[in-house]
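Chemist: Structure, please.
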Amino acid sequence: MTATTDGAGAPGADPDFTTPDTMRGAQEAAARATRHLLARQDAAGWWKGDLETNVTMDAEDLLLRQFLGIRDEATTQAAALFIRGEQGTDGTWATFHGGPPELSATIEAYVALRLAGDAPDAPHMARASAWIRAHGGIAAARVFTRIWLALFGWWSWDHLPELPPELVFLPPWVPLNIYDFGCWARQTIVPLTVVSAQRPVRPAPFALDELHTDARRPYPPAVRPAPLASWEGAFQRMDKALHVYRRFAPRRLRKAAMDAAARWIIERQENDGCWGGIQPPAVYSVIALHLLGYDLGHPVMRAGLESLDRFAVWREDGARMIEACQSPVWDTCLAAIALADAGLAPDHPALVKAADWMLGEEIVRSGDWAVRRPGLAPGGWAFEFHNDTYPDIDDTAEVVLALRRIRHPEPARVEAAIARGVSWNLGMQSRNGAWGAFDADNTSPFPNRLPFCDFGEVIDPPSADVTAHVVEMLAVEGRAADPRTRRGIAWLLAEQEPSGAWFGRWGTNYVYGTGSVVPALAAAGFAPAHPAIRRAVRWLESVQNEDGGWGEDQRSYRDPEWAGKGASTPSQTAWALMALLSAGERDGKAVERGVAYLVETQRGDGSWDEPYFTGTGFPWDFSINYHLYRQVFPLTALGRYLYGEPFAPGAS
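Modeler: Below is the predicted model:
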């Protein structure tokens, strides 16, 4: 890189640029953003922004505490304060900022507020219950919502899909074994098999008649099953057969299955007490183990409950928001990339400290991924503070890219960690040449067809964004000509949409996918004139907003008409700029307008505001607002605008 830094660590000027006003604004904005991001670094070397999802996290936390008998008034009222603050004027709750009302989220939020003492005839509650009834009531909610209600007798277990614990005995080569599910679904389903087998019911603190379309007939009449020759019909009949099997399941076999499930759960508890570093599996694991006789004072249970407390974000107004997950490794590698690309010296103490912390987070033991890749040596990084069972391919690629930008005093240590990460990522390539997030070849068509699986994506097929990040990392490591890299590139080229965009699996959506793939192709040696890059550039230019920014609503996952459309956001504008800059468009009008948007929307303290959700857990079904995205990606884009691509030919 050719950037310089001043005494405060902010970027200095580059005399070669020819648009003084835009350049000056970008330099000043980058300097402010650099200072802001440096000030947010933890003393241990990491960064972490809040990870905001939706109120079902908060509602289910209260329901868990009610189920275990540990709900306290202070926690309840703090959670209720947050939940009320997220309610729309029509009485409903959405799953992302500005999104449409969502039935299951509204039901769970309503029940949580009932636990907090809100009267059903209070105006905000009456609006919610009326909307719920008008949209089908509890009977129309997703399976997970009805499971939570069944725990208190508000719904019948007989009217839920059966999930037998004997599932844990299926070997990996049998369809619908637990390793056919994505790791997040696998960690949730195993404890839920115990809950489904036990069918617990705690005394309900109140009735929920007001949430049924007809309280006298809460359960919908039986409908004719789908044709037997269809997948839907086959799985409907399988569920009926499992309900029959439940009545005749051999006791010893069922007990052995539940014991095996308990061992599976306990073996995967992390050092901090959590499971997989994410809240939902932790919640269901605690319930399952409690049902199997583990009291709340047991070390496993105590550690699990303490880990859940660490997911709470206490706000200045006294509200308590529950994070579904925490993202320190992801945030730290992205922050390091942003600072380095914005001109911070590669041996700056903040970057060295970040590298030290990332090196300490490397995972060097096997996890569930080894079921499909038993001979592969471990080496990689997870998303969270503690998640040794599930390192992920995306984080590993980005950590390697971050470490490559830092001049560490122990280069041999860095090189060894990078070599292990590169080797592990290469070994996790799927048969089609691309990469998923956590597992290789996690592409079974069956899990998504189960009646139980209506809560979002439950498999982990390769995606364009993850594949692009791996390809970029391999190119930077000098492996652009490696046959495995070329297979990944071929897959990416085949996945380009007719519009010129790429689908974004883990970020919203086509702007994220395109913003990931174009820099990867450029790093791999594709010239700006390549037809795939030209198509991508034309698409990005066509969806730029009048204010100069880019934005894309979560609704693009449901409706193609929303592709590339939405209110401008700092993070999505940065993704578009990163793609355009890597495509040789630095002097183009679209880039100038995009940079101006970032400069004009920056706040005085060097940060940006972004209420819109630009992260993706499950496309459409689970959206994420990463609060650090609005800081790291704009700074990265500004840095590359000022100083060029960090690993481009001729860069130093």
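Chemist: going forward, measure contacts between C-alpha atoms and count neighbours the same way
Modeler: Fine.
Chemist: where does the stretch 151-300 of the chain have low pLDDT?
Modeler: Scanning the stretch 151-300 of the chain for pLDDT under 70 picks out nothing.
Chemist: Could you pull out the strands in it for me?
Modeler: In the stretch 151-300 of the chain, no strands are defined using DSSP state E, counting those that start in this stretch.
Chemist: So what touches stretch 584-599?
Modeler: Where contact means C-alpha atoms under 8 Å, 6 or more residues apart in numbering, the residues beyond stretch 584-599 that reach it are 22, 25-26, 29, 528, 541, 544, 547-550, 570, 573-574, 577, 580-581, 634, 638, 641.
Chemist: Would you mind writing the ChimeraX command to select the buried ones in these?
Modeler: Listed next is the ChimeraX selection for buried residues among the contacts of stretch 584-599, using 16 or more other C-alpha atoms under 10 Å:
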select :25,26,29,528,541,544,548,549,550,570,573,574,577,580,581,634,638,641
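Chemist: Among the contacts of stretch 584-599, which lie within helices?
Modeler: 22, 25-26, 29, 541, 570, 573-574, 577, 580-581, 634, 638, 641 (DSSP state H).
Chemist: Could you export the residues you listed as TSV, including pLDDT?
Modeler: TSV is the format used below for those (pLDDT from 0 to 100):
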residue	pLDDT
T22	91
G25	96
A26	97
A29	98
E541	98
P570	98
T573	98
A574	98
L577	98
L580	98
L581	98
P634	98
L638	98
Y641	98
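Chemist: Tell me the one of these nearest A197?
Modeler: For these, the residue nearest A197 by C-alpha to C-alpha is P570; the value is 47.3 Å.
Chemist: by contact count, what packs against the helix or strand hosting F67?
Modeler: Following DSSP states H and E, one finds F67 within helix 56-68. Secondary-structure packing of helix 56-68 (3 or more C-alpha pairs under 8 Å, 6 or more residues apart in numbering; DSSP states H and E): helix 73-85, helix 103-115, helix 279-291, strand 320-322.
Chemist: what mean pLDDT does the second one have?
Modeler: In this model, helix 103-115 has an average pLDDT of 98.
Chemist: ditto for the last one
Modeler: Mean pLDDT, taken over the full extent of strand 320-322, equals 97.
Chemist: Report the strands that pair with it, each with its relative direction.
Modeler: According to DSSP bridges, strand 320-322 forms sheet pairs with strand 312-314 (antiparallel).
Chemist: Can you list the buried residues in the strand it pairs with?
Modeler: Using 16+ other C-alpha under 10 Å as the test for burial, strand 312-314 gives A312, V313.
Chemist: what does that strand contact?
Modeler: In contact with strand 312-314 (C-alpha under 8 Å, 6+ apart) are residues D50, R320, M321, I322, E323.
Chemist: ok, and the most crowded of these?
Modeler: Neighbour tally across the contacts of strand 312-314 (other C-alpha atoms under 10 Å): the maximum, 27 neighbours, falls on I322.
Chemist: residues in contact with stretch 49-67?
Modeler: Contact with stretch 49-67 is made by 71, 76, 79, 83, 86, 93-96, 105, 108-109, 111-112, 115, 148, 151-152, 202, 279, 283, 287, 313, 321-328, 331, 622-628, as judged by C-alpha under 8 Å, 6+ apart.
Chemist: for stretch 358-377, same thing?
Modeler: 46, 172, 179, 329, 332-333, 378-382, 385, 388-391, 399, 414, 417, 420, 423-424, 427-428, 438-441.
Chemist: Likewise for stretch 243-263?
Modeler: With contact meaning C-alpha under 8 Å, 6+ apart, stretch 243-263 is reached by 162, 164-169, 190-191, 193-194, 197, 288-289, 292.
Chemist: Without its sequence neighbours, what residue ends up closest to W424?
Modeler: Distance criterion C-alpha to C-alpha, 6 or more residues apart in numbering; nearest residue to W424, sequence neighbours excluded, is G379 at 5.6 Å.
Chemist: which residues does the one you found contact?
Modeler: Shown in contact with G379 (C-alpha under 8 Å, 6+ apart): E362, I363, V364, R365, A417, R420, G421, S423, W424.
Chemist: quick one: which of the helices and strands packed on helix 56-68 is nearest S463?
Modeler: So among those, helix 279-291 is nearest, using C-alpha to C-alpha, at 23.3 Å.
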